[in-house]
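In: Can you look at this prediction? I've put the sequence above it.
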Amino acid sequence: MKYIDVVQFGAASLRGSRARTLLMILAMSIGVAAVVVLTALGEGARRYVINQFSSLGTNLVLVFPGRSETAGIGPGMLLGQIPRELSLDDAQALLRSRAIGRIAPLTIGSSLISKDAKNREVIVLGSTASLLEVRHMSLGQGQFLPAGDVHASESVCVLGAKIKRELFGKESGVGAWVRLGDRRFRVVGVMASQGESMGFNTDEIVIVPVASAHMLFNTSGLFRILVEAKSRDAIEQAKHDTETILFARHNGERDVTVVTQDAVLATFDRILRALTLAVGGIAAISLAVAGILIMNVMLIAVSQRVQEIGLLKALGAPAAQIRTLFFAEAVILSGVGSIVGLLLGEAGVLVIAKIYPSLPVAAPWWAVLAAIGTSLGTGILFSVWPARRAARLDPVTALAGR
Amino acid sequence: MIQFENVSRSFMVGGQEVAALRDINLSIAAGDYVSIMGPSGSGKSTLLNLIGLLDRPSSGIYKLDGGNVTALNDEQQARVRSEKIGFVFQSFHLVPRLTAAMNIELPLILAGIPVPERRMRVAQLLQNYGLTDRADHRPDQLSGGQRQRVAIARATSMHPSVLLADEPTGNLDQTTGREVINLLEQLTEQNVTLILVTHDPAIGGRAKRQLHMVDGQIVSKTET
């Protein structure tokens, strides 16, 4: 018997019970489509986070005050101590390392900004001229913070795109004066509109020199220091140098947390990949269910077609051939099911991409392979028993329909 | 050439051994026309199943064309069935979802005959049995006589040397039954061995050789 005949025979039997075949294909394809869509979503979320994180800058090492940010209450706090703050001089000292290219100290606070009668609450970021490059920001018009002495509290500010729009409308705004808290600042530049990144909307901030921010909020500590290593290879060295320098400056106390951007990125990557695998795995369970459905249907088919099996035996079909025929039916079912499922899944991904254009959804190739593999695998696995049962029937009793 | 030497067949029924065939010795020459008659339960169908290799004897030897076929394994027996034996059943046993032409083609497909040869043989058979205009009809669109003609065409598609018919007229009215018997008898003229199981003496009496069975034994042989 030729393969093409086996396929044709199987297809003919499947066409014979149309409703059942369509339902089976539906079950199989929903399983495959679920795997494709869910892994595409998971993968999309992963890529989204990675992209967002990379857009923060490259080769970054982040320095936080305090030993661990997530610990909540450290032992020092119970003794009435607060972690030693990071000072601007700490930040400047880091530039002594040969592995470190640029640094950008960050102070953060919120204040009222007003221009004539308009005012609103804004997040004020205190930093230096290097922030623009370290943080990969782009300027819309005017200039960024002036370079020079970081301790100089110049009264200049750079506005986020949305803040500028709200205060100045269509006017350029550069050169005008605004009031931040109890001080007046001259607008030297406006950021280009960038939208949200990592939950932080750069369109709605005002950037001032770090020393000015310290005066504005009456502090001297830093919220973060962004350290940019000179190259990708220098990241580890930069991290090490940062730790050593700050250790020395803080009288031999390790009271800062230093993490590389890569480490944070890798953690996110792992978490989200695990998430993708988990949702993919859950979807794969539906494939296994579809496989059991196939087995059920094939078993029914065997008992409904007992006479036909007897006939095939009488016509000279050996047991192996009958096994092959039933096997082929299951393979066709799951094959067509996975193709339909893939198309459904890809269509679903397209729809999601239309609805959420910012989410880079795409089913990873391994998920597509796994989905097809699982559906074919379950289809084949669960048809072994029915096929064997069919092949083992005694021709005389089968022909009698018993 | 069919030869049975001391063939017995017994079944286990409710833990008790029941003999369906007892010690049958029988020899049927190629081209013979044999009818097997007897009351129900006399072992006619069991004998036919043994000849058709659908069943195995409990003891004894069955030789087909000189070879001992009882010694063959299932796969080899399937091959012998495919090449040498054709079946015609009382209830036709056509595959309901396949057309008349595809039903006739089925043994050829199973045997792996190439497509052009298959097409030719099927067209010829459809013509021989007056089914050409019914080729694309499914069994439920055919009359009883047409269905049995399809079944006979299918049984002869592999040019078997032995044709086994188990009550071929049982589900047909008298006129169509007679037509079917005529078709089967025409085959014996082409040197096909025809073995016919029936309980209708009018049909069984037409055979050159008539075997009467009672209680698993051949009680009389009539030669005409």
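Out: That came through fine.

In: C-alpha from now on. contacts and neighbour counts both.
Out: Noted.

In: Find the residue closest to A:E243 in space, skipping its chain neighbours.
Out: Take A:E243 and drop its neighbours on the chain: the residue closest to it by C-alpha to C-alpha, 6 or more residues apart in numbering or on different chains is A:V258, 6.9 Å away.

In: Chain B contacts on chain A?
Out: For chain A, the residues in contact with chain B (C-alpha under 8 Å from any C-alpha of the partner chain) are A:1-2, A:5, A:12-13, A:16, A:307-308, A:311, A:313-319, A:395-396.

In: try 6 Å
Out: Residues of chain A lying close to chain B by C-alpha under 6 Å from any C-alpha of the partner chain are A:1-2, A:16, A:315-318, A:395.

In: now those: which count as buried?
Out: Among the residues of chain A next to chain B, those buried by neighbour count (16 or more other C-alpha atoms under 10 Å in any protein chain shown) are A:315-318, A:395.

In: and which of these is nearest to chain B?
Out: Nearest to chain B, judged by C-alpha to the nearest C-alpha, of those is A:G316 at 4.0 Å.

In: did I read that right, the closest one in a helix?
Out: No. With DSSP: H, G, I helix; E, B strand; the rest coil as the criterion, A:G316 is coil rather than part of a helix.

In: Can you classify the nearest residue to it once chain neighbours are set aside as helix, strand or coil?
Out: Leaving aside its chain neighbours, A:G316 sits nearest to B:S82 (4.0 Å; criterion: C-alpha to C-alpha, 6+ apart). Under the three-state scheme (three-state DSSP), the conformation of B:S82 reads as helix.

In: so how many other residues sit close to B:S82?
Out: B:S82 has 25 neighbours, counted by other C-alpha atoms under 10 Å in any protein chain shown.

In: that older thread, adding pLDDT, write the buried ones among the residues of chain A next to chain B out as CSV.
Out: CSV is the format used below for these (pLDDT from 0 to 100):
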residue, pLDDT
A:L315, 92
A:G316, 89
A:A317, 91
A:P318, 91
A:P395, 90
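
In: How many residues are close by A:Y356?
Out: Number of residues near A:Y356 (other C-alpha under 10 Å) recorded here: 11.

In: er, B:Q127 actually
Out: Number of residues near B:Q127 (other C-alpha under 10 Å) recorded here: 14.

In: mind listing what it touches?
Out: For B:Q127, no residue meets the contact criterion (C-alpha atoms under 6 Å, 6 or more residues apart in numbering or on different chains).

In: so it, which of the three states?
Out: From three-state DSSP, the assignment for B:Q127 is helix.

In: how close does it get to chain A?
Out: 22 Å (C-alpha to the nearest C-alpha, to the nearest Å).

In: And the residue nearest the centre of chain B?
Out: The centroid of chain B falls nearest to B:L164 when counting by C-alpha atoms, centre = their mean (1.6 Å).

In: Show me what counts as buried in whichever helix or strand it is part of.
Out: Secondary structure assignment for B:L164, by DSSP states H and E: strand B:162-166. Going by neighbour count (16+ other C-alpha under 10 Å), the buried part of strand B:162-166 is B:162-166.

In: Do a quick rundown of the strands in chain B.
Out: Remark: strands assigned in chain B by DSSP state E are B:2-13, B:16-28, B:33-37, B:59-64, B:67-68, B:85-88, B:162-166, B:193-197, B:209-214, B:217-223.

In: Using JSON lines, please lay out these together with distance to A:I205.
Out: As requested, the strands of chain B are exported to JSON lines (distance: least, C-alpha to C-alpha, whole Å):
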{"stretch": "strand B:2-13", "distance to A:I205": "92"}
{"stretch": "strand B:16-28", "distance to A:I205": "96"}
{"stretch": "strand B:33-37", "distance to A:I205": "103"}
{"stretch": "strand B:59-64", "distance to A:I205": "98"}
{"stretch": "strand B:67-68", "distance to A:I205": "97"}
{"stretch": "strand B:85-88", "distance to A:I205": "90"}
{"stretch": "strand B:162-166", "distance to A:I205": "94"}
{"stretch": "strand B:193-197", "distance to A:I205": "99"}
{"stretch": "strand B:209-214", "distance to A:I205": "106"}
{"stretch": "strand B:217-223", "distance to A:I205": "106"}
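
In: by how many degrees do the strand holding B:L164 and strand B:59-64 diverge?
Out: If you take axes from the mean of the first three to the mean of the last three C-alpha atoms, to 10 degrees, strand B:162-166 sits at 120 degrees to strand B:59-64.

In: any bit of strand B:162-166 sitting next to chain A?
Out: No. Judged by C-alpha under 6 Å from any C-alpha, strand B:162-166 stays clear of chain A, getting no closer than 10.9 Å.

In: Repeat that for stretch B:84-92.
Out: No. Stretch B:84-92 lies apart from chain A when judged by C-alpha under 6 Å from any C-alpha; the minimum separation is 7.2 Å.

In: From the rest of the structure, what touches that stretch?
Out: With contacts defined as C-alpha under 6 Å, 6+ apart, stretch B:84-92 is touched by B:148, B:151, B:155, B:160-168, B:170.

In: Buried ones in stretch A:115-123, by neighbour count?
Out: A:115, A:122-123.
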